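> how would this look folded up:
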Amino acid sequence: MTLFLLPSILLVISAVHAFQFEELAHYVDSHQEEYVEALRDWVAVESDSSDVLKRPELHRMMEMTAQKLRSMGGNVQLVDIGVQELPDGQTLALPKVVTGQFGSDPNKNTVCVYGHVDVQPAKIEDGWATEPYNLTDINGNLYGRGASDNKAPVLAWMHAVEAYQALNMELPVNVKFVVEGMEETGSNGLDAMILAQRDTFFSDVDFIIISDCGWLSRRPALTYGTRGNCYFFAEVEGPKQDLHSGVYGGTVIEPMTDLIGILDTLISPSGKILVPGIREAVAPLSDEEWRMYQDIEFDINDYKSKIGVNQLMYTNKVDLLAHRWRYPTVTIHGIEGAFSAPGSKTVIPAKVIAKFSIRQVPDMEPAVVKKQVTDYLHSVFAKRKSPNTLKVTMIIGAKPWLADTKHALYEAGRTAIKKVFDMEADLIREGGTIPIARTFQDVTGKSIIMLPIGGFDDGLHSQNEKMSRYNYIEGTKLFITYLNEVAQIKKSV
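The predicted model follows:
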């Protein structure tokens, strides 16, 4: 009798879940103006973590985040993570990390949602078409600094929890929040906080979700990897002071000439990294990964048009995506100490510092990369037989992060995207670095997924950053659905 009725019971359960989603989706649709106003309030706060003069605004942003979670009935804490030492030796309080908890049922999975509410600098004179801290709705796009990175995604997760609450529906999983205010400047203090709370706040967490990323195209995406970042200073010093090129030019060996000479040995015109050992350490591209790249929606011509170039290093999709995501790159960012102001100045700089980075990938290790780069540049410099001195320093050594796309978290993501958007998800990697993902993985040992809702054309860190209404509202529905799908994952004992 029981076996005979089982298919009918499953049909009933399925129908109930479908009805619940429709009701939740309708609630989201009917409250979208409220969601836009919430984003407007958050964007209005100039929470620029790089500007110490705006630190009061950043503290206010963290309090607003905490208050939002409190208004939802969460168990909320503002965690003190210490102080930041400024270049002049003074100290400044770091913005507190906000944690929140909704539900503590030991029989349910517990997810931890990570986000940040600090932003990059923005001024209208930088080329913005609208006031960057006044959310502006134009043709369904919500323009404002931090709209996509990362205020709308953080709010969308809160809206998702609120929707269940408003309809008196039990949350399918326990939900925890970790929201910080220093991500854009390196997440100062957060690593130590995660380590300190590994056996308390994070002890019952099963999975960690990060939504601080975006889609590659108009197709929704799941992100399973990011590159790391080894950031270097190469300093060449010669005369005791800057010199007049007319008086001293031709008699001294100039630091700038030495610096340009060694920088030119880092990478070939075709993009090949010339530092010995770097390319040999890279994990080979597997046949399975090659096939995954084939299935990704990506238009090279659109990509060229978007960034305003007429030629790229690679002409086919797989090569281009692979070198954007899963191969290392060398980028020279600038030279400090050189004359760079408008006009002319006939100076020989006494000391110049090049700033360059290597985006690292599996199986490269920062400590090994540091030694490879330092040894190589010193060997190249020695061949110049220059009387000047070279100093190489690695100031950032962030590791890459890579997840298993066959993990149940990704299966749940595929299912949720199919239900909400009626299309298959793109499985993508990020060329940038999100160090906190690797920290979460190494410290907590938990499985992680990156579940973005930001659009491919949102302009993160750029002028006219935006979040479309469509991505904001449908993204909230995606988060609602994803919580339900994660609830189906068998809880580990």
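> so if we follow the domain assignment, how does this structure break up?
16-226+401-486, 229-279+330-398, 284-325 (automatic domain parsing).
> okay, those, which one's buried deepest?
domain 16-226+401-486 (a mean of 19; mean count of other C-beta atoms under 10 Å). Quick note: C-beta positions are derived from backbone N, CA and C, even for glycine.
> just to revisit the earlier point, okay, the domains of the chain in JSON lines with mean pLDDT next?
Formatted as JSON lines, the domains of the chain follow (pLDDT from 0 to 100):
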{"stretch": "domain 16-226+401-486", "mean pLDDT": "96"}
{"stretch": "domain 229-279+330-398", "mean pLDDT": "96"}
{"stretch": "domain 284-325", "mean pLDDT": "93"}
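> dump the ones you listed into TSV; add distance to Ser492 as well.
Putting the domains of the chain into TSV (distance: least, C-beta to C-beta, whole Å) gives the following:
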stretch	distance to Ser492
domain 16-226+401-486	7
domain 229-279+330-398	25
domain 284-325	26
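> what packs against the helix or strand encompassing Arg291?
Remark: Arg291 resides in helix 287-295, with elements defined by DSSP states H and E. Using 3 or more C-beta pairs under 8 Å, 6 or more residues apart in numbering; DSSP states H and E, the elements in contact with helix 287-295 are helix 317-325.
> would you map the strands across the stretch 101-250 of the chain?
Ranges of strands in the stretch 101-250 of the chain, per DSSP state E, counting those that start in this stretch, are 110-116, 136-138, 141-143, 174-180, 207-210, 221-226, 229-237, 243-244.
> show me what the one helix or strand Ala416 maps to is packed against.
Assigned by DSSP H and E, Ala416 belongs to helix 408-421. Where contact means 3+ C-beta pairs under 8 Å, 6+ apart, helix 408-421 is packed against strand 221-226, strand 447-450, helix 469-486.
> just the CA trace of the helix or strand following that helix, in CSV.
Counting by DSSP H and E, the next helix or strand C-terminal to helix 408-421 is strand 426-430. Extracted in CSV, the C-alpha atoms of strand 426-430 (Å, rounded to 0.1, in the frame of the first residue of the first chain):
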residue,chain,number,x,y,z
ASP,A,426,27.3,28.8,-17.4
LEU,A,427,30.1,27.3,-15.3
ILE,A,428,32.8,30.0,-15.2
ARG,A,429,35.9,31.1,-13.4
GLU,A,430,37.0,34.6,-12.4
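> who's in contact with strand 426-430?
213, 215-217, 219-227, 292, 295-297, 325-326, 402, 405, 410, 450 (C-beta atoms under 8 Å, 6 or more residues apart in numbering).
> got it, and stretch 195-202?
Stretch 195-202 is contacted from outside by Val79, Thr99, Cys112, Lys176, Ile194, Val443, Thr444, Lys446, using C-beta under 8 Å, 6+ apart.
> mind doing that once more with 7 Å?
By C-beta atoms under 7 Å, 6 or more residues apart in numbering, the list of residues contacting stretch 195-202 from outside reads Thr99, Cys112, Ile194, Val443, Thr444.
> quick one: end-to-end distance for it.
Start-to-end span of stretch 195-202 (C-alpha to C-alpha, to the nearest Å) is 9 Å.
> now do stretch 92-101
End-to-end distance for stretch 92-101: 28 Å, by C-alpha to C-alpha.
> distance from that stretch to the middle of the chain?
Averaging C-alpha positions (C-alpha atoms, centre = their mean, to the nearest Å) puts stretch 92-101 19 Å from its chain's average.
> got the helices and strands packed on helix 408-421 as TSV, with distance to Ala147 columns?
Shown next, in TSV, are the helices and strands packed on helix 408-421 (distance: least, C-beta to C-beta, whole Å):
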stretch	distance to Ala147
strand 221-226	19
strand 447-450	19
helix 469-486	9
